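K.L.:
Model the following, please.
(4 chains)
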4 protein chains.
Amino acid sequence: MKTSSAPAYHGIIPPIITPLKDRDTLDVAGLENLIEHLLAGGVHGIFALGTTGEAPSLSYRLRREMVERTCKQVAGRVPVLVGITDTSFVESVNLAQHSAEQGAAAVVLSAPYYFPVGQPELTEYVEDLVPELPLPVFLYNMPSHTKVTFELSTVRRAMDLPGVVGMKDSSGNMVYFHQLVRELEHRPDWSLLVGPEELLGESVLLGGHGGVCGGANLCPKLYVALYEAAQKRDVPRVMELHAQVMRISSSIYKVGRHGSAFIKSVKCALSVLGVCDDFLAEPFHRFRDEERLRVGAYLEEFEITRERAWPAAVEV
Amino acid sequence: MKTSSAPAYHGIIPPIITPLKDRDTLDVAGLENLIEHLLAGGVHGIFALGTTGEAPSLSYRLRREMVERTCKQVAGRVPVLVGITDTSFVESVNLAQHSAEQGAAAVVLSAPYYFPVGQPELTEYVEDLVPELPLPVFLYNMPSHTKVTFELSTVRRAMDLPGVVGMKDSSGNMVYFHQLVRELEHRPDWSLLVGPEELLGESVLLGGHGGVCGGANLCPKLYVALYEAAQKRDVPRVMELHAQVMRISSSIYKVGRHGSAFIKSVKCALSVLGVCDDFLAEPFHRFRDEERLRVGAYLEEFEITRERAWPAAVEV
Amino acid sequence: MKTSSAPAYHGIIPPIITPLKDRDTLDVAGLENLIEHLLAGGVHGIFALGTTGEAPSLSYRLRREMVERTCKQVAGRVPVLVGITDTSFVESVNLAQHSAEQGAAAVVLSAPYYFPVGQPELTEYVEDLVPELPLPVFLYNMPSHTKVTFELSTVRRAMDLPGVVGMKDSSGNMVYFHQLVRELEHRPDWSLLVGPEELLGESVLLGGHGGVCGGANLCPKLYVALYEAAQKRDVPRVMELHAQVMRISSSIYKVGRHGSAFIKSVKCALSVLGVCDDFLAEPFHRFRDEERLRVGAYLEEFEITRERAWPAAVEV
Amino acid sequence: MKTSSAPAYHGIIPPIITPLKDRDTLDVAGLENLIEHLLAGGVHGIFALGTTGEAPSLSYRLRREMVERTCKQVAGRVPVLVGITDTSFVESVNLAQHSAEQGAAAVVLSAPYYFPVGQPELTEYVEDLVPELPLPVFLYNMPSHTKVTFELSTVRRAMDLPGVVGMKDSSGNMVYFHQLVRELEHRPDWSLLVGPEELLGESVLLGGHGGVCGGANLCPKLYVALYEAAQKRDVPRVMELHAQVMRISSSIYKVGRHGSAFIKSVKCALSVLGVCDDFLAEPFHRFRDEERLRVGAYLEEFEITRERAWPAAVEV
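P.N.:
Numbers count the residues shown, from 1 in each chain, chains lettered A, B, ... in the order given. A predicted model of the protein is given here:
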């Protein structure tokens, strides 16, 4: 049976949004605010340039600046992970090299996402790329965006590579997640993190090590508390906090439509709270006034403030 | 917060397989064996003519016989639910009428599955059909087979209809399931059951009422014990039993390929244990000797016998 | 090189709609009108109980009546084909038997459509079923509704079975269609028909034998003329008639939304022209007044009348 | 009715493969050979950095070199089009700027391909990006790789933008293509090209202006001849040449599996003919000896040589 002792990477590692002033200008002050907001909330790490960070939409120049500024502001207080998923092998290596130079702790790698690849191709790709990377590697399962799932046999081979330290699963498929947990029996040093925050409670209760929850940009303490309650197997507390997560998920994230609604609403909420700008890189655009008013109304209803970073319905 | 008091339909309600002697002949003795096997295992109800029961593959004559024989053998010891999902409205009504006459307690209804339907069409369909049915109705979300999900707004409207008493969700999407749990705040009398047995533990821990688990055909006691442990919020016990569920799921159900592997392996295992025949209706065929030997080897490894109906690795 | 000599089944074989008075009552007079409308339009056969005929939505009693009435009214003037696609092998055989007794010429068979099947299962299914059928068999490729494509290797094996005489391809995938045409080199007796009427021109120009075009319910002469022009390789005439097909397709069929728009609009147009009733079996419903007015306006704009059965923009 | 007068961009515009020596080194001599091979074959333009050119897999440095070398070698003999599709708006603009500086004639733009976008987002994206581009723009419909189709209403709005001169449709959906042809009535200056070479014949017969055919890398004369025959409405010749296209498509491109089979086999065949190297950028790898022998055997069977660039079965 799986025990609760955690591997090196565990807990809440938010995929930070990339605060922007415009299409190719980082909102540096906003980024610094955001990082302090997260660290004050007790997060266990920071994941830059993920999906929530709009990484594929940014210029390479901006991606490099984001890595540099993030590492500098975090200053070793928690580990920084950097997403290097790319359609180009060479650009992935370049960004990993830059991340190592700036002091990042690990990189996060999904499948190349333009060409649909088969499992043998995906396996070979990971086996070719990992040895070229100067930092430990998290695999990142994200089939809705990359068109391919890391099948179990591929995960097994990939995780036997020196340097692969864990996996982030954003598939939303808990049957698959439980299959991954079974693999931990043979590799208790691996770290297994879940993507969707709505699944954080159950995944930690049943053997996972934490979550890369986008909503933690807004309310870091809520997700940290939920993680800790699940770690302690305090089911009533898990239910209480999970209900808050679902309340946010069923309201604020539903203000927009299309796949972009989540990122738009998190950026919008952070802007309403005064943390950072809400500019989005194309192909997306910030919410208009009407949606912004609805996001603001939800924040007020839930009594989420920048200071508390937490809905008022439950006590910390 | 959701409390653990259970609505009328709760616990483990196995979707029983339909034991066949050949394409159009029920294995009556096998069916009687199977029902006694399940009742001895402590199940809370029986669901006939579901997906696991191969309902769409059977002739209408055989479906009616199956309902009759099942109701007669169960004889009121637990409620019998009957699947009436059909592409033809008229045939759904006919089968529901027959089920009522034979003493079934409720019917289970998914979307018609040939024509892809939009949500307004699905809503209208349910609103037209439910009033014509003589028994309480469970909705059944099964997008992998029906091509359509019951979206939340459709569920809300459908569940306001008199006669709709609950929902079985076989989507495997736990984010969606948690959204359904939120709806229970307003309707604590509804019953919310999960399909995939790999999700039974977490769904009951976080507010669901039980499971329609195909694997319960084979090891009913295991699923009943897991349900009860989750009801009691006994997380260590849930993890122990859930690990057994995953062990079966990752071995026996993987002996075959394609979507049919699950039904084939359950029928095969029941045949190896001497409960009933393993004939499958077209488009499927029973396992050949090679696969049958592998299923038998797993049963032996796990020490699953007809008497115990339980893997030996954990105590009841 | 493929010559233009046609196999037994060729030309325009409309998938007739099933005129209904209500959910379980055939509009017999409407059916007789419709059949005469089609035969007057010069069609080469009639295909009853296809997708356009809403077959899966009808009770079995009604399906049998539809076969009986259609065969009786056609009275041997053209061959009648009957769709027997079903999730239940036994019901497919039953309906084929009934069709043979009523004088149908052939049956049309797609994959069973509830359970997703793999190619080996599909091959075995066809190999098991075809020998039990009393009439020649058309395969029917309809992946949007059955979830499975007849892959080329499966087609090759299936078409080697005695009794299989052709294929109707409704995939809309012309690359696949051209691959099928290549198979005709070895089997010049097979008949290869295309489903979507928007592809009729090119498929006949490049080696196909005709079309099972739903729009031929409304304007049979238009499709017959297009077929004949393509047979004669009269490209300017093909372009002219094809443009009319596209005009109808881009207007009348777009009055509704969802997958059901096509059937609804054809039934509605026939009702406006006075041919038959426009009742649809669940899960669909006839157009409301607003949509009906739009359909009527298009018929007027195109000067499509019951007598001419043809848009006025081109001469017959 | 559509006449055959062609807009500025028409005929065969091959998406050239990118000859590589290794992951980040252009095979410059191979590229020069290939361009001369294509121009000797009579192509009407060259499209660099498309899907067949593996653009998303290349480093940005290499993409820029590819544009520079291609423009230099072509030296104005035919127009050069450059693919600028990217997940990053800024990088698309950068590459378009570079292309203009190197003398390219136009750029080709599909949807950003990491985030799934809705139609309003896609429309806005195109409306934002096109005005920033220094060259005429072709839209590129490629839903299998970008996850989104340019719906008709989006095409209409996009093609009203100054600077948008045409569309390349690689959807393989000929119903959609015919709908696009209808739009040409209002914009006879637009250019409509088809992607899949198996659809070249019919698309030009029925109103299209040419093809961006990957197979033209290997046998440019074949596709040019097919285009010309279709332009002349010479159906017997179209059938003859189309049959050769299907013969290649059904053999050489089927040597590999997965979506990558096409690019691998074209590169391999060009290497066997001595035109250029067959290295592929990750996530793909060149064929191994076994597959290479099979490709060579097909080339021999069809008597395709570098000089003739044409299967011997038909005369030029």
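
K.L.:
what number of residues lie near A:R237?
P.N.:
17 (other C-beta atoms under 10 Å in any protein chain shown). C-betas here are computed from N, CA, C, even on glycine.

K.L.:
Ok, A:L161 next?
P.N.:
Residues near A:L161, counting by other C-beta under 10 Å, number 14.

K.L.:
Ok, A:S153 next?
P.N.:
If you count neighbours by other C-beta under 10 Å, A:S153 ends up with 10.

K.L.:
how about whatever residue of chain A ends up closest to chain B, what does it touch?
P.N.:
Nearest residue of chain A to chain B, counting by C-beta to the nearest C-beta: A:E202, 3.7 Å away. Contacts for A:E202 (C-beta atoms under 8 Å, 6 or more residues apart in numbering or on different chains) come out as A:174, A:230, B:174, B:202, B:205-206.

K.L.:
Quick one: low-confidence residue ranges for chain A.
P.N.:
Within chain A, the stretches with pLDDT under 70 are A:1-5, A:316.

K.L.:
Do you have the strands of chain A handy? List them.
P.N.:
A:11-12, A:20-22, A:25-26, A:46-48, A:80-83, A:106-109, A:137-141, A:164-169, A:191-194, A:210-211 (DSSP state E).

K.L.:
D:W190: which of those strands is closest?
P.N.:
strand A:20-22 (32.8 Å; C-beta to C-beta).

K.L.:
The closest one pairs with which strands, parallel or anti?
P.N.:
Counting by DSSP bridges, the strands paired with strand A:20-22 are strand A:25-26 (antiparallel).

K.L.:
A:L62 reaches A:D22, doesn't it?
P.N.:
No: with contact defined as C-beta atoms under 8 Å, A:L62 does not reach A:D22; the gap is 10.6 Å.

K.L.:
and the closest residue to A:S170 other than its chain neighbours, what does it touch?
P.N.:
Leaving aside its sequence neighbours, A:S170 sits nearest to A:G195 (C-beta to C-beta, 6 or more residues apart in numbering or on different chains; 2.9 Å). Taking C-beta under 8 Å, 6+ apart as the criterion, A:G195 is in contact with A:142, A:168-172, A:211-213.

K.L.:
repeat that for 10 Å
P.N.:
Shown in contact with A:G195 (C-beta atoms under 10 Å, 6 or more residues apart in numbering or on different chains): A:15, A:50-52, A:140-142, A:168-172, A:177, A:203, A:211-214.

K.L.:
List buried residues within those residues.
P.N.:
Among the contacts of A:G195, the ones that count as buried by 16 or more other C-beta atoms under 10 Å in any protein chain shown are A:15, A:50-52, A:140-142, A:168-172, A:177, A:203, A:211-214.

K.L.:
Next one: the residue nearest to A:S170 from A:T51, what distance?
P.N.:
A:G195 sits at a distance of 9 Å from A:T51 (criterion: C-beta to C-beta, to the nearest Å).

K.L.:
and the buried ones among the contacts of A:G195, which of them are in helices?
P.N.:
When those are checked against helices (DSSP state H), the matches are A:177, A:203.

K.L.:
what do A:L62 and A:D22 both touch?
P.N.:
Counting by C-beta under 10 Å, 6+ apart, the shared contacts of A:L62 and A:D22 are A:A281.

K.L.:
Among these two, which residue is more densely surrounded?
P.N.:
A:L62 (22 against 10).

K.L.:
dump the residue contacts of the more buried one.
P.N.:
Per C-beta under 10 Å, 6+ apart, neighbours of A:L62: A:18, A:20, A:23-26, A:49, A:54-55, A:281, D:88, D:90.

K.L.:
The spatially closest residue to A:L241 that is not a sequence neighbour and chain C, how far apart?
P.N.:
Once flanking residues are discounted, A:L241 sits nearest to A:L226: 4.1 Å by C-beta to C-beta, 6+ apart. Relative to chain C, A:L226 is positioned 36 Å away (C-beta to the nearest C-beta, to the nearest Å).

K.L.:
cool, A:V74 as well?
P.N.:
The gap separating A:V74 from chain C is 47 Å, by C-beta to the nearest C-beta.

K.L.:
my guess is that residue contacts A:F47, does it?
P.N.:
No: using C-beta atoms under 10 Å, A:V74 makes no contact with A:F47, being 11.3 Å away.

K.L.:
Get me the contact residues on the stretch 101-250 of chain A for chain D.
P.N.:
Within the stretch 101-250 of chain A, the positions near chain D by C-beta under 10 Å from any C-beta of the partner chain are A:110-122, A:124-126, A:128-129, A:132, A:142, A:144-148.

K.L.:
rerun that using 8 Å as the cut-off
P.N.:
Residues of the stretch 101-250 of chain A lying near chain D by C-beta under 8 Å from any C-beta of the partner chain: A:111-118, A:120-122, A:124-125, A:128-129, A:144-145, A:147.

K.L.:
Sort out which of the residues you listed are buried, if you could.
P.N.:
Judged by 16+ other C-beta under 10 Å, buried ones among these: A:111-118, A:121-122, A:124-125, A:129, A:145, A:147.

K.L.:
Out of those residues, list just those in helices.
P.N.:
Counting by DSSP H, those place A:121-122, A:124-125, A:129, A:145 in helices.

K.L.:
Pull the most distant pair out of those.
P.N.:
Most distant of these, by C-beta to C-beta, are A:E124 and A:H145, 20.9 Å apart.

K.L.:
So which residues of the stretch 151-300 of chain A form helices?
P.N.:
Per DSSP state H, counting those that start in this stretch, the stretch 151-300 of chain A carries helices over the ranges A:152-159, A:174-183, A:200-205, A:220-231, A:235-249, A:261-272, A:289-302.

K.L.:
Please work out which of those helices is packed deepest.
P.N.:
A comparison of the helices of the stretch 151-300 of chain A by mean neighbour count, using mean count of other C-beta atoms under 10 Å in any protein chain shown, puts helix A:200-205 on top with a mean of 27.

K.L.:
any bit of stretch A:272-284 sitting next to chain D?
P.N.:
Yes: Stretch A:272-284 lies within reach of chain D by C-beta under 8 Å from any C-beta, at A:281-284.

K.L.:
wait, what's in contact with A:P79?
P.N.:
Neighbour list for A:P79: A:9, A:45-46, A:104-106 [criterion: C-beta under 8 Å, 6+ apart].

K.L.:
Show the buried residues in those residues.
P.N.:
By neighbour count, with 16+ other C-beta under 10 Å, those hold A:9, A:45-46, A:104-106 as buried.

K.L.:
List just the nearest of the residues you listed to A:R294.
P.N.:
Closest to A:R294, out of all of the buried ones among the contacts of A:P79 and judged by C-beta to C-beta, is A:I46, at 28.8 Å.

K.L.:
Next one: that closest one from A:R64, what distance?
P.N.:
Between A:I46 and A:R64 the computed distance is 16 Å (C-beta to C-beta).

K.L.:
cool, and A:V175?
P.N.:
Counting by C-beta to C-beta - A:V175 and A:R64 are separated by 38 Å.
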